[in-house]
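Participant: no sequence for this one, just the structure:
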């Protein structure tokens with residue numbers, strides 16, 4: 001977690017913001033403390049993206065997809081305000097490093113840890129697909145390793161498996177090294 005800068009918010013919805021967890025293409029994620037001391041990862045949208053109606057639809061889709069999915073290895077959504085001038089969503093806070101950071105600092109997982117991580121991710125994906133959602137961005141940076149096991153996060157480009165895509169024709173959304181060939185070709 002990084003300290004807050006002068007330009008960072010101190011309150012988002014019911015959450016007191018105490019630190020910056022990460023920055024991505026869509027926005028920033030803060031650590032927030034809610035009523036009763038409950039921690040949450042609070043995601044806010046980059047201001048320049050708020051003018052883009054397509055992006056607003058994508059953010060709404062993320063909140064909707066995340067809300068549909070509940071599981072042991074998924075960060076559940078706990079609150080959101082989508083139809084506001086400054087939309088945000090909060091998921092349960094998972095205390096642990098991203099898989100990518102853990103491997104970078106400690107080297108490859110042991111065989112046992114790799115098996116436990118794979119089993120937890122398989123359960124998470126089974127849960128997600130059973131809810132009718134396709135995550136579309138499974139990668140080591142979107143897997144947090146907590147004491148309770150791996151947790152899949154960031155439904156930023158997820159979509160309902162029954163819905164049509166919102167992305168523009170010819171635009172591929174995802175992280176290329178982790179995308180399925182059919183996703184790269186724009187088939188799903």
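Facilitator: Done, it's in. Quick caveat: nothing in here was measured; it's all calculated off a predicted structure. Numbering: from 1, shown residues only.

Participant: Pull out the buried residues from the lengthiest strand in the chain.
Facilitator: In the chain, taking DSSP state E as the definition, the longest strand is strand 15-23. For strand 15-23, a neighbour-count test (16 or more other C-beta atoms under 10 Å) marks 15, 17, 20, 21, 22 as buried. Bear in mind the C-beta positions are built from the backbone N, C-alpha and C, glycine included.

Participant: Now distance to residue 32 and pLDDT too, for the residues you listed, in TSV please.
Facilitator: Compiled in TSV, these are given as follows (distance: C-beta to C-beta, whole Å; pLDDT from 0 to 100):
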residue	distance to residue 32	pLDDT
15	3	98
17	5	98
20	11	97
21	10	95
22	13	92
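
Participant: so what strands line up beside the following helix or strand past the longest strand of the chain?
Facilitator: Next helix or strand after strand 15-23 toward the C-terminus (DSSP states H and E): strand 27-33. Using DSSP bridges, strand 27-33 pairs in its sheet with strand 15-23 (antiparallel), strand 39-45 (antiparallel).

Participant: Mind listing residues that contact the first one?
Facilitator: Strand 15-23 is contacted by residues 1-5, 8-11, 28-34, 40-42, 79, 90 when judged by C-beta atoms under 8 Å, 6 or more residues apart in numbering.

Participant: likewise the shortest one?
Facilitator: If you take C-beta under 8 Å, 6+ apart as the criterion, strand 39-45 is touched by 9, 12-13, 15, 17, 21, 26-34, 55, 59, 75, 78-79, 86-95, 153.

Participant: Pull out the buried residues from the residues you listed.
Facilitator: Among the contacts of strand 39-45, those that count as buried by neighbour count (16+ other C-beta under 10 Å) are 9, 12-13, 15, 17, 21, 26-34, 55, 59, 75, 78-79, 87-91, 93-94, 153.
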